[in-house]
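Engineer: Okay, predicted coordinates and the sequence, questions at the end:
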Amino acid sequence: MDKKKRVPSKWQCPPRGRLKVNIDGSFHGESGNGGVGVVIRDENGEPRAALARPLPYVLSAVCAEVEALRAGLLVTIHQGWEEIEFETDCVALRGRERISQN
């Protein structure tokens, strides 16, 4: 099976006044288990919050990514952060990465 090679990319800080929420989900097809990870950084790249948690029952990799997005949203809501942008490697979620409230 041919796999496409990933092009390495360098993480970039969000614009001034914003936070960047990096999310990732994982999925193990045989067991149906997965997990989520979230890291939130400020304009200087300093971490503001992070979390990782298991997901005992996941239907797919995309479901795990959506749960990671949900977890990131909940952290930002609970903290009262409004100027945020999301970053993910999940192609199915692309185009929904940048979310800001005015």
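Structural biologist: Great, that's in hand.
Engineer: contacts and neighbour counts: CA atoms only from here.
Structural biologist: Will do.
Engineer: okay, how far is it across stretch 51-62, tip to tip?
Structural biologist: Taking CA to CA, to the nearest Å, stretch 51-62 runs 19 Å from one end to the other.
Engineer: For that stretch, buried residues please.
Structural biologist: For stretch 51-62, a neighbour-count test (16 or more other CA atoms under 10 Å) marks 55, 58, 60, 61, 62 as buried.
Engineer: and those residues, which of them are in helices?
Structural biologist: 61, 62 (DSSP state H).
Engineer: Can you name every helix or strand that the host helix or strand of residue 71 contacts?
Structural biologist: Following DSSP states H and E, one finds residue 71 within helix 61-79. Judged by 3 or more CA pairs under 8 Å, 6 or more residues apart in numbering; DSSP states H and E, helix 61-79 is in contact with strand 19-28, strand 33-41.
Engineer: residues of that helix that come out buried?
Structural biologist: Within helix 61-79, the residues that count as buried by 16+ other CA under 10 Å are 61-69, 71-73, 75-76.
Engineer: returning to that earlier point: quickly name whichever of the buried residues of stretch 51-62 is closest to residue 25.
Structural biologist: Closest approach between these and residue 25, by CA to CA: residue 61, at 6.9 Å.
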